[in-house]
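Student: here are the coordinates; sequence isn't available:
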């Protein structure tokens, strides 16, 4: 269980995340949605402790994550793997080495920088790449791959950390529909097969509804909706995104009882992190 209590992040006079409290059971796949500037990315970065909260606590298995320092903090970040929109790979390095760098919390910084990896590191990396259909690309430079392939390499890199939680910040925002589907399929398979808790920021409602067990919607740093996908009604969507994003053709495509795939392609600038 991941328990988040009154979590806030303040930048000057702006509360990017404002008193968020959530309980996320182990093994749940959660989609986080909302307009640009809603606080989604800041929220995920605080869970991983890439950003320190201004107030509040994060509790995992009875441990106060917000109090961790040094080696304990590094181990938390390893067990709470982060996937970014822009992949965070070293493009000039081959795919296999990029994935093995994900073992840095286990191998140590110096050994990772010297690329002094063990047989176990290589085995884990190859196994992760195999799960994502990327073994043939193992010795290619990461920069030569397509965006979808690079994002799957990033997922493999996260897997070798041996995480308990996986966070993904807009992992499909820059991908075409086919590659976006492969990435989301991979995250859902990891969630189902490995029992990992997955929190993923998304900018399209249809993706959140199709892949996630639970949807959390943020607006102005606060949780506006928290529930099952089928409970996300048109009225709730208007509360989250505002009536200006339900005007014109988009509004006409929304029926009174459901949100169709055609109607859910909101402008990226309207709902990004």
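Tutor: That came through fine. Remember, it's a predicted structure, so these values are computed and weren't measured experimentally.
Student: C-alpha from now on. contacts and neighbour counts both.
Tutor: Fine.
Student: Report whether residue 100 is found in a helix, as I expect.
Tutor: Yes. Counting by DSSP: H, G, I helix; E, B strand; the rest coil, residue 100 is part of a helix.
Student: Can you give me the neighbour number for residue 145?
Tutor: Per other CA atoms under 10 Å, the neighbour tally for residue 145 reads 15.
Student: ok, residue 211 touching residue 182?
Tutor: No. With contacts counted by CA atoms under 8 Å, residue 211 stays clear of residue 182, the gap being 11.9 Å.
Student: Name the residues of stretch 167-181 that are buried.
Tutor: Neighbour counts over stretch 167-181 (16 or more other CA atoms under 10 Å) mark 167-173, 175, 179-180 as buried.
Student: Can you pick out the most distant pair from these?
Tutor: Largest separation among the buried residues of stretch 167-181 by CA to CA: 167 and 179, giving 18.7 Å.
Student: Tell me the one among the buried residues of stretch 167-181 nearest to residue 40.
Tutor: Closest to residue 40, out of all of the buried residues of stretch 167-181 and judged by CA to CA, is residue 169, at 8.2 Å.
Student: From residue 148, how far out is the closest one?
Tutor: 15 Å (CA to CA, to the nearest Å).
Student: same thing with residue 202?
Tutor: 16 Å.
Student: With residue 7 instead?
Tutor: For residue 7, the distance to residue 148 - CA to CA - is 33 Å.
Student: what kind of secondary structure is residue 162 in?
Tutor: Going by three-state DSSP: residue 162 is coil.
Student: ok, now which ones touch it?
Tutor: For residue 162, the contacting residues are 78-79, by CA atoms under 8 Å, 6 or more residues apart in numbering.
Student: what about it, distance to residue 5?
Tutor: For residue 162 relative to residue 5 (CA to CA), the value is 26 Å.
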